[in-house]
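Asker: I'll drop the sequence and a predicted model, then ask my questions.
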Amino acid sequence: MIYYRPHGNEVEVFRVAAARKLPILLKGPTGCGKTRFVRYMAEQLGRSLVTVACQEDLAAADLTGRFLLEGGQTVWRDGPLTRAVRAGAICYLDEVVEARADVMTVLHPLTDDRRVLPLDRTGEELVAPDDFLVVISYNPGYQSVSKELKESTRQRFVSLSFDYPTAGIEAEIVQAESGCGADVAQTLVKLGQGSRNLRAHGLGEGASTRLLVYAATLVVAGLPLKEAAEATLVGSLTDDVEMTKALRELVRSVLG
Amino acid sequence: MGAPTVSGDDTLRETMEEYGLTAAELGLAAESDDEAEAALLARFLFEPPKRQAIGGERNGLALDRVVKQLTALLRMLSGRQFTVAYSDPPSTDNLNIYLPKAVPAPEIYEQDLLLYRAMALVQVGFLRHGILQDRAVLAEIHRDWVLRSAFHLLAARYVLRAWAEEYPGLREDLRRVAVLDKAGAMRVNVTAVPRDGMPGAFVPLYESLVTCLNWKVPGAEGDPARRAIRVVDGLPILGAGAGGASAAPPARLTTLLLQEARTLREHFHRLRLGPPPLPWFVGIIRPEWILADLARDIAYEQEWKKGNKPLRQLLEAMARNPGGGAPPPVPEAPRVGLRARFLARISGPDTSKAPAYGALRDEHVEQARAAANRVEDDVLAAPPKPGADGAREYDEWDDAAGVYRFAAVKVVEIEGATGPLGGYERVVNANQRQIKEIRRRFEALRVEERWLHGQPDGSELDMNRAIAALTDIAAGHQPDERVYKRYVRQRQTVAILTLVDLSGSTQGHVIHLEQEAIVLFAEGLRTLGFPHAFYGFGNTHPQECQLQRIKGFEEAYGEAVHKRMGNLRPNGATRLGAYLRHAGWLLASRPQARRVLLVVSDGKPEDRGEYRGKQGIRDTAMAVAEVRRLGVHVHCISLDANEGADAYLGEIFGPGRFLKLDSVDALPTRLPEVFRGLVR
């Protein structure tokens, strides 16, 4: 059973969109629970999930599939997207803006009313079953000229915006994920929220919920809270000397 | 300090002497106590605020060395975005905080840093709890130094208790600060006063702030102060959520503090005591800074955000024609019509063939509506040609009619204002450390190192693609020959044009910071070697917008450019749409694959006439869309701190395409950072 703590109407919107076969776009900062949410929803809907972590070398062929040599024979091997279409699964493309531009092109006929996947190499045109669903995610905080989702693409999706949960919910998540005590969870959340006050003001991003869970996990494993915080909430957030000092001071101020 | 039981002039004299003041200066000849007290206080009350470093050759830790760390920490703790600037004693103007350039010698790093932290905690605490937001309170304490000091001490006690309760580490810090000699130096305004002569009536106010072994234990004269402290200590600490996300302070907080301060003032007056001195680290409250800022804001609103200024125009025109002769010429207004537009496209503006200007007529509207879709691509196909005067004409979106007005506005490029070289040099000399850091960061953008897969030639075989090619061959397909990969250190190609708001509203602080920002940014870009340009905008005529060239793309850095950079001059209004369209074309003509247009502005796009409100916003939004269709990435850094700014900035630039700075002081550092984020 996958743990996910809803903090808005995201479950309901996802459920309705999936029922209506509408593709979904998840926007939100690093480590706020986008991937966990998709896994949770796949489980809730009883559908399989194919996840692709996009990177700059990911091309359309990597998604659709390719011929391979096997014992002197050429054999077609489906890529993850094709597998998801055939199986009627949810295909989740994480950080889709990192992928090459042709990836979005191959998604287009799957994200409108056609719901088809043409495979030039095999001469097939797969019609997606009703359970097939495309979900993509990206982090709009990265406002890079070269890493943007085109508006024409964005408008093909139902959007769900994520942010870090409120303190109470986040502490609940940290506690549930790591098994730590309420005090530790609340202290870590306080640190996390403090660091997020520097988002775009010295730090690219503040501490993610995931990072807080890591810190709590270290504490549960026996590491003192201060050391766990140092290893996760200081070292992982910045290499800048002054920012590191400031984060250390934050830890000291909060922990005493 | 004299014993409070002694009455009359002796006490007054004693008091003054203990504050380090001479009787002559303070007018002991005053006829009444009130007059004498006014003389005593005049020196404190009417002295202009000093926002400068403390003097002396030998200092302790300098703020520059720790300001980044300190600012980051306080922002994290408080959840507020503010800037730290210089002032001694420490203070705040309700937006930013001011700390001394250095603490007194000798330098003991840990202690000095602790002291800076404590000073900042007091000032940020004032911001966070809204201590200085009530104008009525500020006005009341402004001219009454005893009241102001009493209020300050109680408020400091409250905010420090709030920090200590929320953060155990800070509680320990504040305990250590209380016994620091430097922290406990006493001052009345900027004048140092002895620490160990503290009247018993004051002593309870200091117990948690600073300590001194020589203070006597107060008797009944200390009761009112004890009582006030008990009241303050009993106030709930509200609005300090986890991580510093503060909610609104209790509405009655400042009123309660003021009430207690009033009681103390009466008590001190009865004892013929002056203002209680303040420990150095708690700084000083400067109501005049905040009240003056508000007054300036109001004046600004009236000047630039309202109306057409017709009266002023009329008066100016009458001044030019004192004899009451012919009326001043009506400015030439834009021509309307497709024909004029196309003629201009082919041969430059030809006024003889253009229809006379008038209000939009129905047939023009119909004509334009019918042609709108057809013309749109055409409009984007080529830049408008310059007329004989070098001006280019641009269409403007008429939001009410829902059409473009053709050739509605002219943009003419002129050379930016120039002046002494000192302005540029001052910025460079004062920011050596920052420039070094910006250069270091920009250096990382210069080269992009990565593997390029699927290349026709390269140092290594790209196994995935080689296998794919082999299988294609075996399957009877035409293989892709791009089966190599190579490692490249590729220089990114980004052209960047920065459009800086030089409209009248930037007069003063903003223009200086814009100047500093572009100098720092330019230093970074020079390191990088990216083609770049800086232009300034601010039009004095509705239909003719002058775009000041501070540095053109093809211009090398030299004395002329440096002089322009160091001498920005504000003037006119913000007809932003026209400037954006022109800048878009300047960028579109660059050969670089990636082009970035950065707009720095301090308010809504507004000009005289109808170009305000919705019209200004919608035309600018259309201009942004046009420029984006030219393949230019447009991003805005707004200095408009108003709450409503997010709405119009979002409408113009789109979500995530603008950055609203909470503090204009952050511009010099944020401008290069924004660019770095855009092209990384």
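Answerer: The structure has been received and is ready for your questions.
Asker: By residue count, what's the longest helix in chain B?
Answerer: helix B:145-166 (DSSP state H).
Asker: and the next element down the chain from it?
Answerer: Downstream of helix B:145-166, the first helix or strand assigned by DSSP states H and E is helix B:168-178.
Asker: Which elements pack onto that next one?
Answerer: In terms of contacts (3 or more CB pairs under 8 Å, 6 or more residues apart in numbering or on different chains; DSSP states H and E), helix B:168-178 is packed against helix A:241-255, helix B:109-128, helix B:145-166. Every residue, glycine included, has its C-beta placed from N, CA and C.
Asker: right, is the first one up against chain B?
Answerer: Yes. Using CB under 8 Å from any CB of the partner chain, helix A:241-255 reaches chain B at A:Glu242, A:Met243, A:Lys245, A:Ala246, A:Leu247, A:Glu249, A:Leu250, A:Arg252, A:Ser253, A:Val254, A:Leu255.
Asker: hang on, the earlier thing: make CSV out of the helices and strands packed on helix B:168-178 and add mean neighbour count, mean pLDDT and distance to A:Lys150.
Answerer: What follows is the helices and strands packed on helix B:168-178, written out as CSV (neighbours: other CB atoms under 10 Å in any protein chain shown; pLDDT from 0 to 100; distance: least, CB to CB, whole Å):
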stretch, mean neighbour count, mean pLDDT, distance to A:Lys150
helix A:241-255, 21, 92, 33
helix B:109-128, 23, 94, 41
helix B:145-166, 23, 94, 45
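Asker: low-scoring pLDDT stretches of the stretch 51-200 of chain A, where are they?
Answerer: The stretch 51-200 of chain A contains residues with pLDDT under 70 at A:141-148, A:200.
Asker: ok, which stretches of it are strands?
Answerer: Here the stretch 51-200 of chain A has its strands, by DSSP state E, counting those that start in this stretch, at A:65-70, A:73-78, A:90-94, A:116-119, A:124-127, A:133-138, A:158-161.
Asker: mind giving me TSV with the ones you listed and columns for distance to chain B and mean neighbour count?
Answerer: Below are these laid out as TSV (distance: least, CB to the nearest CB, whole Å; neighbours: other CB atoms under 10 Å in any protein chain shown):
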stretch	distance to chain B	mean neighbour count
strand A:65-70	4	16
strand A:73-78	4	14
strand A:90-94	19	24
strand A:116-119	13	17
strand A:124-127	14	14
strand A:133-138	11	26
strand A:158-161	10	15
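Asker: Ok, which of those strands comes nearest B:Ile229?
Answerer: Proximity to B:Ile229 (CB to CB) singles out strand A:158-161 among the strands of the stretch 51-200 of chain A, at 47.5 Å.
Asker: List the strands paired with the closest one, with their directions.
Answerer: Applying DSSP bridges, strand A:158-161 is found paired with strand A:24-27 (parallel).
Asker: B:Gly274 contacts B:Val146, doesn't it?
Answerer: Yes. In this structure B:Gly274 lies within contact range of B:Val146 using CB atoms under 8 Å: 6.7 Å.
Asker: tell me the secondary structure for the closest residue to B:Val210 other than its chain neighbours?
Answerer: Closest residue to B:Val210 apart from its sequence neighbours, by CB to CB, 6 or more residues apart in numbering or on different chains: B:Gly184 at 3.7 Å. In three-state terms, and counting by DSSP: H, G, I helix; E, B strand; the rest coil, B:Gly184 is coil.
Asker: For B:Gly184, grab phi and psi.
Answerer: phi -90, psi 0 (degrees, to the nearest 10).
Asker: do stretch B:427-446 and chain A meet at all?
Answerer: No. Stretch B:427-446 does not reach chain A (CB under 8 Å from any CB); its nearest approach is 9.6 Å.
Asker: Give me the buried stretch members for that stretch, please.
Answerer: B:Val427, B:Val428, B:Asn431, B:Gln434, B:Ile435, B:Glu437, B:Ile438, B:Arg439, B:Arg441, B:Phe442, B:Leu445 (16 or more other CB atoms under 10 Å in any protein chain shown).
Asker: how about the fourth one, what does it touch?
Answerer: Pointing back at B:Gln434 there. B:Leu520, B:Pro668, B:Thr669 (CB atoms under 8 Å, 6 or more residues apart in numbering or on different chains).
Asker: What is the nearest of those to chain A?
Answerer: Within the contacts of B:Gln434, the smallest distance to chain A is 9.5 Å, found for B:Thr669 (CB to the nearest CB).
Asker: Tell me the predicted confidence for the closest residue to A:Tyr164 other than its chain neighbours.
Answerer: Excluding its sequence neighbours, the residue lying closest to A:Tyr164 (CB to CB, 6+ apart) is A:Cys32, at 5.3 Å. Listed pLDDT for A:Cys32 reads 91.
Asker: Assign A:Cys32 to helix, strand or coil.
Answerer: Here A:Cys32 is coil, with the state taken from three-state DSSP.
Asker: Next, count neighbours for it.
Answerer: Counted by other CB atoms under 10 Å in any protein chain shown, the residues lying close to A:Cys32 total 22.
Asker: give me every residue that touches it.
Answerer: Residues counted as contacts of A:Cys32 (CB under 8 Å, 6+ apart) are A:Phe162, A:Asp163, A:Tyr164, A:Pro165, A:Ser208, A:Thr209.
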